[in-house]
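1. what follows is a predicted structure for the sequence shown.
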Amino acid sequence: MNPAKLIGIGILILVIVVAASQSTYVVEPGHRGVQVTLGKVSEQFKPEGFGTKQPFISYVVPVPVRQQAREIPAECYSSDLQQVTVQLRVLYRIPETSVVRIYQQYAGDPFDSLIAPRVQEALKEVTALQSAEQIVKQREGIKTHALKAAREKVGEILMIEDLVVENITLSKELEAAIESKMVQEQEAAKARFTQQKAQIEADTAIIRAKGEAEAIRVRGEALRDNPHLIQLQIVEKWDGKTPLVVGGASAGEGGANILLPIGTGLSTTVKK
């Protein structure tokens, strides 16, 4: 066979192979493809998987649509003009409906051009309404308000799933002042608790004393109104043993006898 013909056949096979490779594409999982043909962007994105395109004049750009996470710092000022540095982790994703629009209208990484500046702006607006101490104590509330404001600023072109406040840094002087104030508040709360406890104990003692006094008064009135009540209580408490009678005088002299238990079956009368 003519060598020139062999060379021609080889070149033709090479062109066919290259054209075949240029006419197919694969979009990886978690991505969508944007097809560009001679500088013109297709209005519809390409789903993940295998597909064909026009060779040499078209190419497909993959755009991730899965959730991503990026960290950004934010230098903020509180309402009392204290500098606060907040370290944020931003969770976001690109919706399918925004894939073509983002590629057409925004250059570079969409996070750097769309999300980061708006999140920082939202956070600064929120922290400017709170004191430095409140920012530290209410970090969850700061995060919630900043997330809401950031979503409104970004709109629906990108989805901000969440903001995570990883760290809040204050100046050493401010941290020392806040710590001292918290210690003082704890000591004041402890003093109030001790005072309340003492007051409760005093009130309890007064109530107990009033109760005992009232009981004594009631018993005294009962004895005064019913003199035989003492004899009834003696009978109720008697253990069944024969008592010892100790007399102070004879019956004709108006004396009284004292009954003492002697533990025998007989009674003995002792007279003075």
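-> That came through fine. Residues are numbered from 1 along each chain as shown.

2. hmm, who's touching the helix or strand where Tyr25 lies?
-> Tyr25 belongs to strand 24-27 when assigned by DSSP states H and E. The set of residues external to strand 24-27 that reach it, using C-beta atoms under 8 Å, 6 or more residues apart in numbering, is 33, 46-53, 59-60, 62. (C-beta placed from N, C-alpha, C; glycine too.)

3. pLDDT of that strand, averaged?
-> Throughout strand 24-27, pLDDT has a mean value of 92.

4. number of nearby residues for the residue nearest to Tyr25 when sequence neighbours are not counted?
-> Once flanking residues are discounted, Tyr25 sits nearest to Val60: 4.4 Å by C-beta to C-beta, 6 or more residues apart in numbering. Val60 is flanked by 20 other residues according to other C-beta atoms under 10 Å.

5. need the contact list for Val60.
-> By C-beta under 8 Å, 6+ apart, Val60 lies in contact with 25, 27, 33-36, 46, 51, 53.

6. in which helix or strand does it reside?
-> Per DSSP H and E: Val60 is located in strand 58-64.

7. buried residues in that strand?
-> Of all the residues in strand 58-64, those buried under the rule 16 or more other C-beta atoms under 10 Å are 58, 60-63.

8. and stretch 30-48, by the same measure?
-> By neighbour count on 16+ other C-beta under 10 Å, the buried set for stretch 30-48 is 31-36, 45-46.

9. low-confidence ranges in the stretch 151-272 of the chain?
-> Of all residues in the stretch 151-272 of the chain, those with pLDDT under 70 make up the ranges 174-185, 223, 227-272.

10. what segments of the stretch 1-150 of the chain are helices?
-> Per DSSP state H, counting those that start in this stretch, the stretch 1-150 of the chain carries helices over the ranges 3-22, 99-105, 110, 116-127, 132-137, 139-154.

11. tell me the angle the longest one makes with strand 58-64.
-> Think helix 3-22. For helix 3-22 against strand 58-64, the angle by axes from the mean of the first three to the mean of the last three C-alpha atoms, to 10 degrees is 30 degrees.

12. go through the contacts of Val60 and name the one nearest Ala19.
-> Nearest to Ala19 among those: Lys53, at 11.5 Å, using C-beta to C-beta.

13. can you map out the helices along the stretch 151-272 of the chain?
-> 172-225, 229-237.

14. what's the closest of the buried residues of stretch 30-48 to Ser113?
-> Within those, the smallest distance to Ser113 is 16.6 Å, found for Val34 (C-beta to C-beta).

15. Glu161: what's it in contact with?
-> Glu161 touches 67, 91-93, counting by C-beta under 8 Å, 6+ apart.

16. 10 Å instead, please
-> 67-69, 90-93, 147, 151 (C-beta atoms under 10 Å, 6 or more residues apart in numbering).

17. for Pro3, see how far away it is.
-> In this view, Glu161 and Pro3 are 64 Å apart by C-beta to C-beta, to the nearest Å.

18. worst mean pLDDT among the helices of the stretch 1-150 of the chain?
-> helix 3-22 - the lowest mean pLDDT of those, at a mean of 75.

19. contacts for that one next, please.
-> With contact meaning C-beta under 10 Å, 6+ apart, helix 3-22 is reached by 1-2, 52-59.

20. if we go to 6 Å?
-> Applying C-beta atoms under 6 Å, 6 or more residues apart in numbering, the external contacts of helix 3-22 come out as 55-56.

21. kindly export it (C-alpha atoms) in PDB.
-> Extracted C-alpha coordinates of helix 3-22, given in PDB (Å, rounded to 0.1, in the frame of the first residue of the first chain):
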ATOM      1  CA  PRO A   3       2.800   5.100   2.300                       C
ATOM      2  CA  ALA A   4       1.000   8.300   1.600                       C
ATOM      3  CA  LYS A   5      -2.300   6.500   1.600                       C
ATOM      4  CA  LEU A   6      -1.400   4.900   4.900                       C
ATOM      5  CA  ILE A   7      -0.600   8.200   6.400                       C
ATOM      6  CA  GLY A   8      -3.900   9.600   5.200                       C
ATOM      7  CA  ILE A   9      -5.800   6.800   6.800                       C
ATOM      8  CA  GLY A  10      -3.900   7.200  10.100                       C
ATOM      9  CA  ILE A  11      -4.700  10.900  10.200                       C
ATOM     10  CA  LEU A  12      -8.400  10.200   9.400                       C
ATOM     11  CA  ILE A  13      -8.600   7.700  12.200                       C
ATOM     12  CA  LEU A  14      -7.000  10.200  14.600                       C
ATOM     13  CA  VAL A  15      -9.500  12.900  13.600                       C
ATOM     14  CA  ILE A  16     -12.400  10.500  14.100                       C
ATOM     15  CA  VAL A  17     -11.100   9.600  17.600                       C
ATOM     16  CA  VAL A  18     -10.500  13.200  18.600                       C
ATOM     17  CA  ALA A  19     -13.900  14.200  17.300                       C
ATOM     18  CA  ALA A  20     -15.600  11.400  19.100                       C
ATOM     19  CA  SER A  21     -13.900  12.400  22.400                       C
ATOM     20  CA  GLN A  22     -14.900  16.100  21.800                       C
END
